[in-house]
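# Test case, fold it:
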Amino acid sequence: MTYYEIIGGILITIGSIFLFLGGLGIYRMPDIFNRLQAGTKATTLGAMSLILGVGIMEGTWEWILKSFVIIVYIAFSNPISSHALARATYLRGHRPYIKSEDKEKMDAYREVVENDPKRKEVEV
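This is a model prediction of the structure:
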């Protein structure tokens, strides 16, 4: 085994773990906003690590360069798509899940959300 294969295998393993944890986070989180957070952060890091590991394991500079191009694309596109989904969900009227027994916090949050001028009512 070469050093490229060892480093590539470690990165692929790390990427697989992060992708699994991202999927688990999507399954376990209570609302869409938390699921977007879990899906974006963990799967972005997992995909980057996995792709870099494959590029390094291949062992040629062409593959490593291609991996970096794909990683840069993922680094720009995943946060933008996550933001667009969260904004559309917010404008649609979905509320974040708040696990709080404090009635004043809940009332203050509802007042802010309902009086937000950017929020638009969307009919289905």
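
# Show the secondary-structure elements that the helix or strand of the chain with the lowest mean pLDDT is packed against.
Scoring the helices and strands of the chain by mean pLDDT, DSSP states H and E places helix 103-114 at the bottom, with a mean of 72. Counting contacts by 3 or more Cβ pairs under 8 Å, 6 or more residues apart in numbering; DSSP states H and E, helix 103-114 is packed against no other helix or strand. Where you see a C-beta, it was placed from the backbone N, CA and C, and this is true even at glycine.

# Quick check: Ile74 touching Leu45?
No. Ile74 is not in contact with Leu45 according to Cβ atoms under 8 Å; the separation is 9.7 Å.

# which of the two has more neighbours?
The neighbour count for Ile74 versus Leu45, taken as other Cβ atoms under 10 Å, is higher for Leu45 (19 against 16).

# Quick one: residues contacting that one.
If you count contacts by Cβ atoms under 8 Å, 6 or more residues apart in numbering, Leu45 has them with Gly15, Phe18.

# Can you give me the buried ones in the longest helix along the chain?
Under DSSP state H, the helix in the chain containing the largest number of residues is helix 61-92. Residues of helix 61-92 classed as buried by neighbour count (16 or more other Cβ atoms under 10 Å): Ile64, Ser67, Ile70, Ile71, Ile74, Asn78, Ser82, Leu85, Ala86, Thr89, Tyr90.

# what's the angle between that helix and helix 103-114?
100 degrees (axes from the mean of the first three to the mean of the last three Cα atoms, to 10 degrees).

# tell me which element Val54 falls in.
Using DSSP states H and E, Val54 maps to helix 32-58.
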